[in-house]
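Asker: Got a sequence here, can you model it:
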Amino acid sequence: MGTDQYHEPPADLPDHIRTFARICTSLQEEAEAIGWYEQRLSLERDAQAKAIMEDAQEEEFKHFAMALEFLSRRKPKWRAVLQEVLFTEGDIVEHGEEGEEAEKKA
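Answerer: Reported below is the predicted structural model:
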């Protein structure tokens with residue numbers, strides 16, 4: 001079993017922390033894959049190949065969203081920030097500041 005997602009000895013960590021670390025790693029990998037597809041799609045000229053890659057990237061979006069939701073359900077402070085920032089209109093930085101305040105209250 002790989003341990004590069006851990007900064008502490010895995011055997012010393014409780015199961016829920018190891019699960020959390022694995023989902024964090026999955027979130028990172030999904031974000032990386034989304035970025036790779038974005039680069040490929042920007043250059044691809046073959047319509048069928050592009051459609052296949054777009055379909056694959058959509059799966060990565062879904063996986064990213066599911067991993068983010070999993071983590072936010074386990075960390076109320078994260079959820080408080082996300083609720084202030086995601087799917088809002090206006091200045092993202094201002095919403096981030098509001099999220100920081102919401103996190104303190106959570």
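
Asker: Please make it C-alpha for all contacts and neighbour counts, starting now.
Answerer: Noted.

Asker: Torsion angles phi and psi at the residue nearest the centre of the chain?
Answerer: Residue closest to the mean C-alpha point of the chain, counted by Cα atoms, centre = their mean, is Leu27 at 4.1 Å. In terms of degrees, to the nearest 10, the main-chain angles of Leu27 are phi -60, psi -40.

Asker: what do you get for Lys75?
Answerer: Main-chain dihedrals, Lys75, degrees, to the nearest 10: phi -130, psi 90.

Asker: Tell me the spacing between it and Phe20.
Answerer: Distance, Lys75 to Phe20, by Cα to Cα, to the nearest Å: 10 Å.

Asker: neighbour count winner among the two?
Answerer: Taking neighbours as other Cα atoms under 10 Å, Lys75 and Phe20 compare with Phe20 leading, 15 against 12.

Asker: Could you report the separation of the nearest residue to that one once chain neighbours are set aside from Phe64?
Answerer: Distances taken as Cα to Cα, 6 or more residues apart in numbering put Leu71 closest to Phe20, at 7.1 Å, once the chain neighbours are dropped. From Leu71 across to Phe64, the span is 11 Å (Cα to Cα).

Asker: can you check Ala33 too?
Answerer: In terms of Cα to Cα, Ala33 sits 10 Å off from Phe64.

Asker: OK, contacts around Ala80?
Answerer: By Cα atoms under 8 Å, 6 or more residues apart in numbering, the contact list for Ala80 reads 99, 102-103, 106.
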